[in-house]
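In: build me a structure from this.
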Amino acid sequence: MDPPNAPPDVRRSAQAEETDAVTYTRAEELRSFLFLTIVMAPALTFLLIAGYGFLVWMYQLVSGPPTGG
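Out: Numbering: from 1, shown residues only. I've put the predicted structure just below:
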């Protein structure tokens, strides 16, 4: 990182950069979490249910409707 004989203001700026990187990482992690929970989870759930419905529909087209017998 910094040489041991670097002036204190240089050392402080390096520490500030590390703190900014951690803050940026936390913000990025929060943004990713919100995207996954608000957008991706409902979208994947919808696609899973729609895919299952499509499979049932195609199966019933081939085998006929269910009978209650």
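
In: quick one, strands of the protein?
Out: For the chain, no strands turn up when DSSP state E is the criterion.

In: all helices for it, in order.
Out: Along the chain, counting by DSSP state H, helices occupy 8-35, 41-63.

In: reformat the ones you listed as TSV; add mean pLDDT.
Out: As requested, the helices of the chain are exported to TSV (pLDDT from 0 to 100):
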stretch	mean pLDDT
helix 8-35	78
helix 41-63	97
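
In: export the ones you listed as TSV, with columns for mean neighbour count.
Out: Yep, even glycine has a C-beta here, placed from its N, CA and C like the rest. As requested, the helices of the chain are arranged in TSV below (neighbours: other Cβ atoms under 10 Å):
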stretch	mean neighbour count
helix 8-35	10
helix 41-63	10
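
In: roughly how far apart are the residue nearest to the spatial centre of the chain and residue 30?
Out: For the chain, the residue nearest the mean C-alpha position is residue 36 (3.7 Å; Cα atoms, centre = their mean). As for residue 36, its distance to residue 30 is 11 Å (criterion: Cβ to Cβ, to the nearest Å).

In: same check, this time on residue 68
Out: 52 Å.

In: again with residue 16
Out: Relative to residue 30, residue 16 is positioned 21 Å away (Cβ to Cβ).
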